[in-house]
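**Q** turn this into a structure:
(3 chains)
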Amino acid sequence: MAAKTKSRTRHYAMVIDTNRCVGCWTCAVACKEVNNEPLGYWWNRVLTTAPNQSTSAKPPASPNIDVPYGVYPNLELAYLPVACQQCNDAPCVKVCPVQATFRRDDGMVLIDYNRCIGCRYCMAACPYGVRVFNWGGHEYAPGGTVGYGKDYYVDGRLVFTPYRPKGIVEKCTFCVERVDVGEKPFCVESCPLGARVFGDLDDPDSEVSKLVNEGGAEQLQSDLGTDPNVYYLPVARRVPGES
Amino acid sequence: MAKFSRRAFIGGSTAVVGGLVVADHLRFFEPLSKLAPEGSNDLLGDRENGLLTGNETVYRTGHSNNCDGACGHLVHVVDGRVTMIGPAAFGGTTISGAPAPTFHPRICLRGLSQISNTYNPDRVKYPYKRVGPRGSGKWQRISWEEATSLIASKFQEVQAKYGKTSVWIAPYTGSLAFIEGVVGAGFRFASVIGASAGDSEGDNEGDSATPAGWNYLLVDPTLPANAGGFFTGHESVDFMNAKTIVFWANNVAETSIPDWRIMCDARDEKGTRLISIDPRFTVTSAQSDQWLPIRPGADAALVDGIINYVIGHKLYDTGYVRKYTVGPYLIDPRTKRWLRANEVIAGAKDDYVVYDESDGQIKAAGDPSLKTPAILGSYRVAGLRARTAFQALADMASKYTPEYTEKLTDVPAAQIVSLAKVWGTSKPLAVRVGFGLSHWYRGDLSMQALVTLQAITGNIGVHGGGVTTFAGGMTTTAFDFTGFWSPTGKLYTLLEPMDFCDAVEHDKPFPVRAAWFMIDNFAQQMSDRNRVVAAMKKLDFIVVSDYVLSATADIADVVLPACTYLEKTDLLSSNNFYLQYMPKIIDPLFESKSDLDAIRLVAEKMGVGKYFDQSPDEYLRQIMQLGQPDESPLLKGLTWERLTSEAVHLNTEPTPYVPFFNKQFPTRSGKIEFYVEMLLPYDQELCDFKEPIEAWPTNPLHKKYPLVFLSTHTRFRTHSQFVNLPWLKEINYGGQGFLEINPKDARPRRIDEGDVVRIFNDRGQMKVRARLTESMKPGVVNCYQGGWDTIRVKNYIEGHPNNLTHQIANPAQSVIPNFPSNAAYYDVLVEVEKA
Amino acid sequence: MSTATTALRGKAARPAGPIRLWYTALVLVMAWGLAAWIYELRVGLAATGMRDVVSWGLYIFTFAFFIGLSAGGLIMASSAEVFGIKALKPLSRLGVLSAAACVCVAALMIIPDLGKPFRVINIFIHPNWSSPLVWDILIISIYFVFSVVDLYVLQRHVKEPSRWHTTVRVLAYIGLPTAILLHSVTAWIFGLQISRPWWNTSLMAPLFVVSAILSGTALVTLLALAAERWGGFSLPTETRRWLRGFILVSLLLDLFMVGADYVTMLWGNVPAAKSAIDLVLPNGPWSWLFWSEWVVGGVVPLAFLLVPALRRTPGSLGIASVFAILGVYAFRAELVVVGFVNPLVQYPPGNAVGTYNPATSSFQMIGRYHPTWVEYGIVLGLTALFLTIVTLGYEALRLRGSPPSGPGPAAHGDEPGGKAMALGGEVV
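**A** This next block holds a predicted model:
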């Protein structure tokens, strides 16, 4: 399998269809499970794309998810699941002082757990706020270590470990340990809406290729030039009366 | 106690010295312990080892926790501990080996969180006996031996004093599995000891109005084959065949998330139009092509408006009405009953009477010379002027002009017309009805109206049509539950949950003095909770078996630790037509036991242990009768090995299951009876809109309590399950309840975001914080139900939505014995003020 | 520490009471800082008020602040040579001493901010040359070494002016660009980040240089005033005038640049920039930093520098310096904190913070930040270390009573500033 992987180029990408996203957070919980994320830590999360948020530093007095915009009955509601965008020109890779964060040839941005010094410069540099630091004092949901449960190395570098080492910055790995053995990232596998598509951009017949090249998939904050490998199909609601 | 290792946790860390009463110190709720190894404290940055090194085994099971999704779970177990749950594939073939319709693996955030549910410190770990006053939360740990002896002796004592049926067994909706669930072993126990038991259909607490309405037209409950009425629907993949899908009071995208994928597939692959009808702007509404914001409770009026338009503009399916409905049959204008051929036509047999357009003759419906029975018009018969049933429907609906309908429903007339056009032209059209429609006093009427509309537009019994809420009806036809429930040949006595209070307080229809609730949070989830709790407190003895200390367990005398779906063997066949074997994946945690084992221990002490001495597998074989002469034809060819190794599609057809696909309706006439003779005493023979019992502007009570109070479901729980799971709490604001209110209603009441508000009516009150949102229709407020109001956990500041609901049931439903009474959770008026 | 104290006690012919008290206080504060750091090592950075939305806090903006403070001394010492400002020469050694101490403390300030402090060596083993942080650490190291060398040379220069004269001049010519580079690279840690519009301005480097000159000069002024008050140091009037001028000009430039940046952001209506502005103006949750910067750090020192009545009050220069330093500190805090508080992807519920709060949500859209006692402890401890280094250095370099940069060790005792000036002039 490993030999096969090396024999041809791959460029992994994910397309998320926001038309299908119902904001159920299953992907986020799935991520939490497979990666054994402690309470308070979410490598993946689902944003409600409502504008006009207050700048009050006070915490919101009620859940600020699922808030539609508009005035009854002229309303809209949409969601945006956000995890690491796996940028081709990743600001985090650029700023990491010790080359702990690196981009694999197939597009995956990974972190060397054994090298990270925990300076969190990558968190300052990431425009998507998807990086997570292990502050320590973790609390876990009941049940002990869950998920993949094993160390995973890429070229001798530790890029996943089942427990969350204190003082290290982490993020979505595109489930490198699953993808390398031919499985899909767990959020893709778990999404109950089939809203997530994962595949190889170098394969012109792959679904992601088609969606990226012809399907109108967009990148988040594309104006920043980070060239993410996570794409979004924009919300396109049909107008009533049209067929 | 200070430091937990995982072993210590699993072994149970509650320090109880045998028999010692440490009631005040007993803790069901351990602090959220740090079960996983903590990140390294090593200054040099070396890692501690938190790896899963043991052997991994993967099991396939079904998720039975009552959300009808019936997801398949792939459960990873390392060293006897569940470490991961993921979606499992469904076997791609039917029992006969034919390819089954594409059915994607499915899971949602609740299923994924089952690990923390199973290993939750909140679990009831041991049997407990109440030591303080009832509801004081003071417990003493006892042995299973002591607990079951106590239960047996108390049950026997109560039965001797008040009659056999004075013990009520309530094995309800916490689980949809076979042996332990709404159709499970509790009923067998009740039958064996001669006790009474709750409804087996699982539609006990607000889910029986729409099934009743469905039965009115499609099923005659008095026919023996129908056994008092049943309920089923289109297999969920059949929605792929629809051209239009209408979600009526149904928030699929939030409550049955995996089913929404099928709707998305239909929308994106086939261009299916999605329409949502809901007073709230839900996720489903947001993703639908069209949303009609309707006044709560006005559903039947909107349907009548559409019926009027469809008939007026000849958009109905003439051939279908003529052939498959009672449309052409003439009605006796004097009695409003069907004209009988033997009474009006000389020499004819007992039959319906029709007017043949081809020769202008009045004929019996079965007359071989009948060519074209008229569906509209009134005709002279034996000196009477008799209308056809379809004409009666047209006449009834004629007052529901778009303008009048707008007045009733608050939906703009133009939108009503546009919806009616869609209904008449875009076929097949499927309706998915949520139980939200059922939570009304007249939920049956709304369903009756929808089935009527679907019938006249030719959408019943066709692929991509129908009116569907739940699609597990084949389960009851394929399996022999009655045999399982009554091994002695004598069945339990039915006592509906809605009759519970009367039985306790007034001995009607018989006294109830003891009860056993199995995974049933009756004291919180039943409507008119104040009354329910007061009645429960009058009982001599209450047993609750549950895996969490629910509000019901709070007032129990004995609490038994129950298993989760991972700790016992069972079978799941719910909404999606797949038979999913649920193996026992891990040993029961702590001292928990499956209900079957708990029942066995009690039964042994009551002298009827022999009825419970077999294994779950053996009972499953009995229920399924695999390979036996009595085996259902639906199961022919299914082997035990195949059943336990993959998820098998129950349908023998390669196409998705559609009820009445052969257009043979199990009614008296064999046709769709949209003119329901048996409802004449209730003046409901046609689906003429009637106002809700409480939540309607013309109700004088509306002046005092001007807001309609809904208590809907959220994706973060299934009724009151999953409330306490940290992963979900993190997203869901700690599981706190909020009152959703439109700013237009909040402003005059000086209510601001986050203010504590008191919601009240004559039946009770509750307090929560306000959440101002435009998703609520002005005049309607909502508070998600199911949060806990227990001694230890309060998801609402005070009370629960069910402190405000009532138990007034529509007597019309009693014509369907299996769905006789319904709790109208949403038919409720309240006022809200700043607390 | 105690040996040093003993050594000092031996050398300094001063009443032991106040200095002992001073050192005891410094040691106590440093011990507190050390304890806080040990606690932080045990608990992890969970001991701080930083979390995933505001992931840099007090340490980083204090680091940037100390980097800025280090500027004054070196720029002053170098300017004295490069631009021939003789009046500044008395401050050369004190300035470079403070520069070395500041940059040392700044570098140490990063250590408690690291999640894995013992892996800091990785920066030298696996440097990533595209990271401004690597360049910053490089320049900090160079700057520190340079300061120590410069200090050594200046000290030797005092004894043997003619022999070390050329070296002093050469070092001055190197020192000025090095200092400017240090502040620019530090500015680019923030200014190059496209992720945060609050930072992403090309003005960042000049702004850092100017604010560094401002705060650095103010610091040297304060140290000199303190040395004059308690350490027998003499501060000539002409030097005061120059200091006043430096502070005034750099303060005006600083305010101009900050203001220009505000105007640029206010003029546009770019959502991400606007939401950041909303946090500070007019009464956003962080507006107190804005007002600290403009009123405490702007209007007040300007008043003490310009308004004749205030200017004439004794200590006006010192007061202006204190307020200017506070203003620069507020600017640094505002830069870092508001940059983080302002949400990146402006949709609710925002980012998970890394702390479980069972009562509400784990997410934050607008960040919140309150430093903990651990952070205050470590920062105060390191500030005490700075003061210790300066005090010890002051004694060790025998700046006491010396005509700064003046002749040899023989020149003990208070000499009038004019004379020192003249002496300095003679040297040149």
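
**Q** tell me the spacing between the residue of chain A found nearest chain B and chain C.
**A** Per CB to the nearest CB, A:Ala61 is where chain A lies closest to chain B, at 2.4 Å. Just so you know, the C-beta spots here come from the backbone N, C-alpha and C atoms, and that holds for glycine as well. According to CB to the nearest CB, to the nearest Å, A:Ala61 and chain C sit 9 Å apart.

**Q** domains of chain B?
**A** Per automatic domain parsing, the structural domains of chain B span B:2-118, B:128-205+B:478-631, B:236-469+B:663-675, B:701-834.

**Q** would JSON lines of the ones you listed with distance to C:Leu326 be doable?
**A** Shown next, in JSON lines, are the domains of chain B (distance: least, CB to CB, whole Å):
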{"stretch": "domain B:2-118", "distance to C:Leu326": "36"}
{"stretch": "domain B:128-205+B:478-631", "distance to C:Leu326": "55"}
{"stretch": "domain B:236-469+B:663-675", "distance to C:Leu326": "50"}
{"stretch": "domain B:701-834", "distance to C:Leu326": "36"}
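
**Q** redo those as TSV? Include distance to chain C.
**A** Shown next, in TSV, are the domains of chain B (distance: least, CB to the nearest CB, whole Å):
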stretch	distance to chain C
domain B:2-118	5
domain B:128-205+B:478-631	16
domain B:236-469+B:663-675	15
domain B:701-834	4
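
**Q** can you put those in TSV and add mean pLDDT and mean neighbour count?
**A** Formatted as TSV, those follow (pLDDT from 0 to 100; neighbours: other CB atoms under 10 Å in any protein chain shown):
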stretch	mean pLDDT	mean neighbour count
domain B:2-118	67	18
domain B:128-205+B:478-631	91	21
domain B:236-469+B:663-675	95	22
domain B:701-834	94	22
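
**Q** list the contacts for B:Leu772?
**A** By CB atoms under 8 Å, 6 or more residues apart in numbering or on different chains, the contact set of B:Leu772 is A:Ser62, B:Ile741, B:Asn742, B:Pro743, B:Ala746, B:Ile751, B:Asp752, B:Glu753.

**Q** which secondary structure elements does the biggest helix by length in chain B contact?
**A** Looking across chain B with DSSP state H, the single longest helix is helix B:144-162. Secondary-structure packing of helix B:144-162 (3 or more CB pairs under 8 Å, 6 or more residues apart in numbering or on different chains; DSSP states H and E): strand B:128-130, strand B:167-171, strand B:514-518, strand B:541-546, strand B:558-561, helix B:595-605.

**Q** could I get those in TSV, plus columns for distance to B:Ser527?
**A** Formatted as TSV, the helices and strands packed on helix B:144-162 follow (distance: least, CB to CB, whole Å):
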stretch	distance to B:Ser527
strand B:128-130	26
strand B:167-171	15
strand B:514-518	16
strand B:541-546	19
strand B:558-561	24
helix B:595-605	25
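
**Q** got JSON lines for these, with distance to chain A too?
**A** JSON lines is the format used below for the helices and strands packed on helix B:144-162 (distance: least, CB to the nearest CB, whole Å):
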{"stretch": "strand B:128-130", "distance to chain A": "20"}
{"stretch": "strand B:167-171", "distance to chain A": "27"}
{"stretch": "strand B:514-518", "distance to chain A": "23"}
{"stretch": "strand B:541-546", "distance to chain A": "17"}
{"stretch": "strand B:558-561", "distance to chain A": "16"}
{"stretch": "helix B:595-605", "distance to chain A": "23"}
